[in-house]
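show me how the following folds:
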Amino acid sequence: MEKHAEAHQAPPSYDSATTSGPPGYPVNQQPPAYNSMNDKIPERPTVPCVPAPGYCLPSAPPAMAAGERYWAYEMFFCFSDLPTCCGQMFCPCVVEYLTARKANLKKLGMWLAVVTVTCIMLSIVVNCMYTDMMQQQVETINTMNEPRRRHSGNDWFLLQVLCYALGMISLARFCMGLYLRSQIRSKFNIGPNRGMMGNLEDAVCVFCCYDCVMCQNKSTMDKFEREGLIYDSAPMVHA
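Prediction:
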């Protein structure tokens, strides 16, 4: 009977507050209680993000890029990038638009391309009118006869107006090119920050060697694109 009673005896109870427990079982520990909202909840351990083979993490946008950088080449070494040099020579509006677009200045690139096309068309018209007028005057002087078609004062006035418009549009183009270069320099931290002297140097380069400056800008943006420094936050939607 005693053995039967011992077999039906209740198992021992273990208090959760005590540190002892049944053999082979972990101790039941309660999580710490947070009495107020000011108590800091322990942070979860962060797992490092490792890209899979063949993939890479997105790079930072141009505004967040740190570290001093430099242009792709010196000012008068534009022939080192021959495709860009030929593009600036025969179709400058496309080169200017692509440069501004890669610098996240798409609207500026569109307006700069429009101004460039207008400047080219006005230059062709002015050159044609001036050549025709000079040819008529030379023919009159050589033959001492009346020209086939005499130009009136209105023609000369129109030529002067077109020359004035061409000068103003060219000035606007130079100013927009200077603004584009200054934005590229500031966004990508190109060269040391020299304040007013740096802006004056850029202005002299743009007004004296505009095509060389545009080639340098385009080649530099292509270089940054290959290095992964250009980040497109909103991809272009194709039709």
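
pretty sure Thr116 is in contact with Val94, am I right?
No: when contacts are counted by C-beta atoms under 8 Å, Thr116 is not listed as touching Val94 (9.4 Å). For every residue, glycine as well, the C-beta is placed using N, CA and C.

of those two, who's got more company?
Higher neighbour count among Thr116 and Val94: Thr116, with 23 against 15, using other C-beta atoms under 10 Å.

residues contacting the spatially closest residue to the more buried one that is not a sequence neighbour?
Spatial nearest neighbour of Thr116, chain neighbours left out: Cys93 (4.5 Å); criterion: C-beta to C-beta, 6 or more residues apart in numbering. Contact analysis of Cys93 by C-beta atoms under 8 Å, 6 or more residues apart in numbering lists Leu112, Ala113, Val114, Thr116, Val117.

so where's this protein shaky on pLDDT?
For the chain, applying pLDDT under 70 flags the ranges 1-67, 142-153, 193-194, 231-239.

show me where it has its helices.
For the chain, the helices identified by DSSP state H occupy 2-7, 82-90, 92-102, 106-143, 153-187, 196-208, 210-227, in order along the chain.

deepest of these, which one?
Ranked by mean neighbour count under mean count of other C-beta atoms under 10 Å, the helices of the chain are led by helix 92-102, which reaches a mean of 22.

angle of that helix against helix 153-187?
For the pair helix 92-102 and helix 153-187, the angle between their directions (axes from the mean of the first three to the mean of the last three C-alpha atoms, to 10 degrees) equals 30 degrees.

helix 92-102 to helix 210-227, inter-axis angle?
Here helix 92-102 points in a direction 40 degrees away from that of helix 210-227 (the same axes, to 10 degrees).

okay, angle between helix 92-102 and helix 82-90 too, please.
Calculated by the same axes, to 10 degrees, helix 92-102 forms an angle of 120 degrees with helix 82-90.

related to what we said a few turns ago, distance of the residue nearest to Thr116 from Met214?
11 Å (C-beta to C-beta, to the nearest Å).

with Ile124 instead?
Taken as C-beta to C-beta, the spacing of Ile124 relative to Met214 amounts to 20 Å.

would you mind confirming that Asp211 is in contact with Pro92?
Yes: look at Asp211 against Pro92 with C-beta under 8 Å: they come within range, at 7.2 Å.

list the contacts for the residue nearest to Leu98 when sequence neighbours are not counted?
Setting aside the residues directly before and after it, Leu98 is nearest to Lys218 in space (C-beta to C-beta, 6+ apart), at 6.7 Å. When the contact criterion is C-beta under 8 Å, 6+ apart, the partners of Lys218 are Asp81, Thr84, Gly87, Gln88, Val95, Leu98, Thr99.

recalculate using a threshold of 7 Å.
Listed by C-beta atoms under 7 Å, 6 or more residues apart in numbering, the contact partners of Lys218 are Thr84, Val95, Leu98, Thr99.

from Val126, how far off is it?
The spacing between Lys218 and Val126, counted by C-beta to C-beta, is 28 Å.

from Cys85, how far out is Cys91?
12 Å.

for Ile169, same thing?
With distances defined as C-beta to C-beta, the gap from Ile169 to Cys85 amounts to 24 Å.

do the same with Met134
Taking C-beta to C-beta as the criterion, Met134 is separated from Cys85 by 32 Å.
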